[in-house]
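J.: requesting a structural model of the entry that follows:
(one chain, ligands or ions: 1)
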Amino acid sequence: MYLKRLELKGFKSFPNKTDIIFKEGVTAIVGPNGSGKSNVSDAVRWVLGEQSIKSLRGDKLEDVIFAGSDNQKPMNFCEVALTIDNSDEKLNIDYSEVTIKRRAYRNGESQFYLNNKNCRLKDIKEILLDTGIGKDGYSIIEQGKVDEILSNNPVNRRKVFDEACGISKYRYKKTESERNLRNTKENLDRINDIYVEIE
Ligand code: ATP
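T.: Residues are numbered from 1 along each chain as shown. Predicted structure coming up:
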């Protein structure tokens, strides 16, 4: 499993469609200050479901959309598509190539796609669990992240280790099941109320 391609359109400093192909052996992106290197890693985190605009170095939602330049008008939407080679079937999905896409508009509308089909952020999270490449995974260590991991509280630090050794999936499923149980209990209580009323 490896990151094969990243396509950007209207994302931060990339107004025009830009395809970045990560051929085998690519280990670094270099360029002058301000040329957009960090915007590329922001795009990867954003498409994987990052919801915190602050951690993408912005103040408001629309800061990820190209804001215009001297010779180009601002864009109304942005789109990032990330393609993962899954020939080793590490991702639990029946495709040898998986493309995750996210599109957002200035009015706040946002949509995720999995291999070009509409999906929920939850679907993407579930596919990436325990792979280390989710938005909270350890495959992207941005500036300051090492300090954060070292100085963070033990609960947050444990999440990094849980992800690395494949436990987060079960923790996630446990939380989901507990929520479903709570909802079911509430529904049963309501049914009981109605039952008592009509008796
Ligand atoms: P450094 O080496 O200094 O860390 P970098 O190559 O990582 O720089 P980035 O931080 O990725 O550069 O890019 C910064 C540039 O992106 C700035 O010129 C900024 O104006 C531009 N930029 C950021 N958000 C937007 C946006 N929404 N619209 C247009 N340009 C943007």
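
J.: quick check: domain ranges of this protein?
T.: 2-128, 168-199 (automatic domain parsing).

J.: can you find the helix or strand in the protein with the smallest mean pLDDT?
T.: helix 145-151 (a mean of 75; mean pLDDT, DSSP states H and E).

J.: distance from it to the middle of the chain?
T.: 20 Å (Cα atoms, centre = their mean, to the nearest Å).

J.: now stretch 50-67
T.: 13 Å.

J.: could you list the low-confidence segments of the chain?
T.: Residue ranges of the chain with pLDDT under 70: 135-138, 143-144.

J.: near the ligand, which residues of it are found?
T.: Contacts of the chain with the ligand, taken as Cβ under 6 Å from any ligand atom, map to 12-13, 31, 33-39, 63, 65-67. Glycine gets a C-beta too; all of them are placed from N, C-alpha and C.

J.: can I get these in a markdown table with secondary structure?
T.: Below are the residues of the chain next to the ligand laid out as a markdown table (DSSP: H, G, I helix; E, B strand; the rest coil):
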| residue | secondary structure |
| --- | --- |
| 12 | coil |
| 13 | coil |
| 31 | coil |
| 33 | coil |
| 34 | coil |
| 35 | coil |
| 36 | coil |
| 37 | helix |
| 38 | helix |
| 39 | helix |
| 63 | helix |
| 65 | strand |
| 66 | coil |
| 67 | coil |
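
J.: in stretch 15-24, what's buried?
T.: 15, 18, 20 (16 or more other Cβ atoms under 10 Å).

J.: how about the helices in this structure?
T.: Using DSSP state H, the helices of the chain run over residues 37-47, 121-128, 145-151, 154-164, 168-198.
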